[in-house]
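Chemist: 3D, please:
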Amino acid sequence: MNAVHESAAQIRTAGDRVVADISDINLIENIRFLRGLAGNRKIMQVVKADAYGHGIDLVAPVLAAEVDGMAVATIDEGIRLRDILLNVKHGNNCRIQILSGYLSNAHLDLIAEFGFDCTFHCREQIELFLSQSVHIESVWLEVETGMNRLGINIDCVAETVLQLKNSNRVSNIYLMTHLANADIIDEPTNRAQIERLQTLENLDLPMSISNSGGLLQNLEQSCQWIRPGISTFGVDPTESVASARLKPVMRLRSRIMSVAQRNPDDRVGYGGTYTCKEREFIAAVACGYADGYPRLQHDAAAVSVHGKRAPLAGRVSMDSLSVNVTDIENTGLGDWVELWGSHISVSDVARWNNTIPYELLCRISDRVPRRMCSEIDND
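Modeler: From the prediction side, this is the model:
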């Protein structure tokens, strides 16, 4: 190892300026809680977008022993997941579903080559498949029931199933749909979508409806497969009583770069949007929007320092943010700060920024290392 690489390795070992801690214990507890809700239904765990930003290389080996399959959005994601699972116990038994299906002959060939479960969501995909000579072990027909985004018209499903069976190039056929409002409790369109898909029960094919919201609301129990996503990582999109049972899998944390005394009427940060009301101690924290922390902030926005809430002070910069630590004793250089995790909910941070936790978790940048750890509840 040359001097430059050795120095870089030492820095990484000594501790990064920002790190995303990933708790394997919380991950396992969450998926086992969800399996309890699932009953006899099988689990196709969604791990797209680098496992919702948690690092698929970290979480897939843990989940392999707990689920029946994993779903990703793209073929590239599928190939990466397959490579991860090759040397993992139970990995070879874990099916991989490509949710977006394919866009070309080349994509179709790759799906067949790697043995992925393929999703068909439009007639054009069906026609392309039938015009080729490839064989796909398992296909999922996404049925349009009310999302009005992707899906085969429900009136065409029976004919499509017959075409696929007659082609003799598909071994297993499944039906699935996606709930448009599963995060909304007592939303009548959820029941309407479920009832539409259930009109196809006479086809005697395995079905999948429930995503995280559908499972946590217990919207249906008649299907054979469920597809939890963000709930496995500790976020309840319905914000229901189940939230108390789910534990955050990611803790995003950083370090204090400096603490300085500021006087009354001093303005902090770009644009001077924060004005000190009295003598205050303002800490600069080594995390900014280039790391994935959101720039726009609500007046209630806060981080956790030594287990206590510290309000943000001014605008978030590219590489840093400022917080008011006046009421937190013994705060200094290098102290850890939780941006979200066990003390500050990622759902709260999302609410302060008028967005959803999915977006925040997925946009943590590549310069933030993900590290597996058991406990993330300690400071």
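
Chemist: so who does the residue nearest to W340 when sequence neighbours are not counted touch?
Modeler: Nearest non-adjacent residue to W340, counting by CB to CB, 6 or more residues apart in numbering: V346, 4.2 Å away. From N, CA and C alone the C-beta is placed, and that goes for glycine too. Listed by CB atoms under 8 Å, 6 or more residues apart in numbering, the contact set of V346 reads V235, P248, M250, L252, W340, P357, L360, L361.

Chemist: How many neighbouring residues does the fifth one have?
Modeler: The one in question is W340. Around W340 there are 24 other residues, counting by other CB atoms under 10 Å.

Chemist: what helices or strands is the helix or strand in which N172 is found leaning on?
Modeler: If you go by DSSP states H and E, N172 is part of strand 170-176. If you count contacts as 3 or more CB pairs under 8 Å, 6 or more residues apart in numbering; DSSP states H and E, strand 170-176 packs onto strand 136-144, helix 157-167, strand 207-208.

Chemist: which residues touch L360?
Modeler: Counted by CB under 8 Å, 6+ apart, L360 has contacts G292, P294, W340, V346, V349, A350, N353.

Chemist: where in the stretch 201-350 of the chain is pLDDT low?
Modeler: Within the stretch 201-350 of the chain, the ranges that satisfy pLDDT under 70 run 241-242.

Chemist: Out of the helices and strands packed on strand 170-176, which gets nearest to N218?
Modeler: Ranking these by proximity to N218 (CB to CB) places strand 207-208 first, at 15.5 Å.

Chemist: Determine how far the closest one lies from the middle of the whole chain.
Modeler: Remark: strand 207-208 is offset 21 Å from the chain centroid, using CA atoms, centre = their mean, to the nearest Å.

Chemist: for stretch 24-31, same thing?
Modeler: Worked out by CA atoms, centre = their mean, stretch 24-31 lies 14 Å from the chain centre.

Chemist: Helices along the stretch 201-350 of the chain, start to end?
Modeler: Per DSSP state H, counting those that start in this stretch, the stretch 201-350 of the chain carries helices over the ranges 212-216, 346-352.

Chemist: Out of those helices, the one nearest N92 is which?
Modeler: helix 212-216 (26.4 Å).

Chemist: Give the other helices and strands that that closest one contacts.
Modeler: So helix 212-216, by 3+ CB pairs under 8 Å, 6+ apart, packs with helix 24-38.

Chemist: chain center to the helix it packs on, what's the gap?
Modeler: Here the centre of helix 24-38 is set off from its chain's centre by 15 Å, with CA atoms, centre = their mean.

Chemist: between whichever helix or strand comes after it and strand 136-144, how big is the angle?
Modeler: Downstream of helix 24-38, the first helix or strand assigned by DSSP H and E is strand 42-46. If you take axes from the mean of the first three to the mean of the last three CA atoms, to 10 degrees, strand 42-46 sits at 80 degrees to strand 136-144.

Chemist: as a whole number, average confidence for strand 42-46?
Modeler: Here strand 42-46 scores 98 as its mean pLDDT.

Chemist: quick one on the thing from earlier: name every strand pairing with the strand holding N172 and say which way it goes.
Modeler: strand 136-144 (parallel), strand 207-208 (parallel) (DSSP bridges).

Chemist: So what are the sheet partners of the next helix or strand along the chain from the longest one and their directions?
Modeler: In this case it means strand 136-144. Next helix or strand after strand 136-144 toward the C-terminus (DSSP H and E): strand 152-153. Here strand 152-153 has these sheet partners by DSSP bridges: strand 136-144 (parallel).

Chemist: State the pLDDT value of E6.
Modeler: For E6, pLDDT reads 42.

Chemist: nope, G91 is what I meant
Modeler: On the pLDDT scale, G91 is placed at 78.

Chemist: who touches it in this structure?
Modeler: A60, P61, A64, I84, L85.

Chemist: if we can go back for a sec, and the next helix or strand past the strand holding N172?
Modeler: Assigned by DSSP H and E, the successor of strand 170-176 is helix 188-198.

Chemist: picking up where we left off before, which of the contacts of L360 sits closest to I31?
Modeler: Looking across the contacts of L360 and measuring by CB to CB, the closest to I31 is V346, at 18.1 Å.

Chemist: Roughly how far does the closest one sit from M250?
Modeler: 7 Å (CB to CB, to the nearest Å).

Chemist: any residues in contact with both of the two?
Modeler: Listed as contacting both V346 and M250 by CB under 8 Å, 6+ apart are W340, L361.

Chemist: one step back: out of the contacts of V346, the closest to V143 would be?
Modeler: V235 (26.7 Å).

Chemist: Spit out the contact partners of L110.
Modeler: I75, I79, Y102, F116.

Chemist: just checking, it is part of a strand?
Modeler: No - per DSSP: H, G, I helix; E, B strand; the rest coil, L110 lies outside any strand segment and is helix.

Chemist: Pretty sure C362 sits against A51.
Modeler: No - with contacts counted by CB atoms under 8 Å, C362 stays clear of A51, the gap being 9.6 Å.

Chemist: Just want to know which of those two has more residues nearby.
Modeler: A51 (30 against 17).

Chemist: Excluding chain neighbours, what is closest to that one?
Modeler: Closest to A51 by CB to CB, 6+ apart is V59, at 4.6 Å.
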